[in-house]
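Peer 1: Model the following, please.
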Amino acid sequence: MADSLLNVRFALVDDNEADIFFAEILLKREGASAIQSFPGGQEFIDAVHGGLECDIIFMDIRMPIMDGFETIDTLSAEGAFERMGARVFMISAATNSEDIERSQAADAIEGLYQKPLTPMALAEMNLQ
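Peer 2: This next block holds a predicted model:
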């Protein structure tokens, strides 16, 4: 996978700086170079409204002010993911049955994964 992620544009939306740090290390080790991070849903929405283009979005579920599901719902209603051709993966340190059901019910979300992200999870996502 080392070179297959070279031209993939990633967005990490997570309020936990340590989780962003480790996700960036993993993605860079797997060959990614275009990685942008956002500390919350509203910051990500503002960036998308400002013209941000990305291919893969890792969205944390539990964030203050606006959680990951609210962020996805807002951008889905605007057609942002279709316009970008972006794939969305929810990430969380702890999931419950409601998170799983909401992730499965949302058209824009391709999967729900535990944090921290692992090479095995990235391989399962088939990101290239």
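Peer 1: give me the element the residue positioned nearest the centre of the chain is part of.
Peer 2: For the chain, Phe58 is the residue whose C-alpha lies nearest the centre (CA atoms, centre = their mean; 1.2 Å). Using DSSP states H and E, Phe58 sits within strand 56-60.
Peer 1: List the residues that contact the residue nearest to the centre of the chain.
Peer 2: Shown in contact with Phe58 (CB atoms under 8 Å, 6 or more residues apart in numbering): 10-14, 23, 89, 91, 117. To be clear about C-beta, it is placed using only N, CA and C from the backbone, and glycine gets the same treatment.
Peer 1: 6 Å - rerun?
Peer 2: By CB atoms under 6 Å, 6 or more residues apart in numbering, the contact list for Phe58 reads 12, 89, 91.
Peer 1: Compile the residues you listed into TSV and extend it with columns for distance to Ser103, secondary structure and pLDDT.
Peer 2: TSV is the format used below for those (distance: CB to CB, whole Å; DSSP: H, G, I helix; E, B strand; the rest coil; pLDDT from 0 to 100):
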residue	distance to Ser103	secondary structure	pLDDT
Leu12	17	strand	98
Phe89	9	strand	98
Ile91	10	strand	96
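Peer 1: low-scoring pLDDT stretches of this protein, where are they?
Peer 2: 1-3, 128 (pLDDT under 70).
Peer 1: the helices in it, which residues?
Peer 2: Per DSSP state H, the chain carries helices over the ranges 17-29, 41-49, 68-77, 80-84, 97-105, 119-125.
Peer 1: got the CA coordinates for the last one in PDB?
Peer 2: When you say that, I think you mean helix 119-125. Output of helix 119-125 as PDB, limited to C-alpha atoms (Å, rounded to 0.1, in the frame of the first residue of the first chain):
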ATOM      1  CA  PRO A 119      -2.800  -0.900   9.000                       C
ATOM      2  CA  MET A 120      -5.300  -3.800   9.000                       C
ATOM      3  CA  ALA A 121      -8.300  -1.300   9.100                       C
ATOM      4  CA  LEU A 122      -6.800   0.700   6.300                       C
ATOM      5  CA  ALA A 123      -6.300  -2.400   4.200                       C
ATOM      6  CA  GLU A 124     -10.000  -3.400   4.900                       C
ATOM      7  CA  MET A 125     -11.100   0.000   3.700                       C
END
